[in-house]
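In: Sequence first, predicted model second:
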Amino acid sequence: MDDELFLNEQVRVVATFGDGLNPCRPLRFRRKSSREVTVTEIGLRHPSVQGKRMLHIFDVTDGMTDYRLEFDAERLTWHLTRESERSDV
């Protein structure tokens, strides 16, 4: 992600939960501005421990912009933490 914009925006996410290697897949999210973003590809996904909380971090794209979503497994909340325009488009 080049020229990243660092955010801490709570977002509403539609995700699927199942089993296997990738049990959670964010499909789309809605920002506070009511703008809805459809996820077309998931890049990296990794867990991260912050204190006693487990965060699941997803690098996703809608094809035009890259985003980082963080799912707080304790509070069951999603945050958009990074945004950047794709450099390969």
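Out: Noted; the coordinates are in hand. Predicted model, so just to flag it, every value in this text is computed and none were measured.
In: burial count for Gly63?
Out: Counted with other C-beta atoms under 10 Å, the neighbours of Gly63 add up to 11. In this view, the C-beta of every residue, glycine as well, is placed from N, C-alpha and C.
In: How about Gln50?
Out: Counted with other C-beta under 10 Å, Gln50 comes out at 10.
In: which residues does the most centrally placed residue in the chain contact?
Out: The residue lying closest to the centre of the chain (C-alpha atoms, centre = their mean) is Leu69, at 2.0 Å. Leu69 is in contact with Val11, Val13, Pro26, Phe29, Ile57, Phe58, Val60, Trp78, His79, Leu80, Thr81, counting by C-beta atoms under 8 Å, 6 or more residues apart in numbering.
In: same thing but 6 Å
Out: By C-beta atoms under 6 Å, 6 or more residues apart in numbering, Leu69 lies in contact with Pro26, Phe58, Trp78.
In: Run a quick neighbour tally on Glu9.
Out: 13.
In: Equivalent analysis for Thr65, please.
Out: Residues within reach of Thr65, counting by other C-beta under 10 Å, total 15.
In: After the longest strand along the chain, which helix or strand is next?
Out: Secondary structure of the chain read by DSSP state E shows that its longest strand is strand 5-17. Per DSSP states H and E, strand 5-17 leads on to strand 24-30 as the next helix or strand towards the C-terminus.
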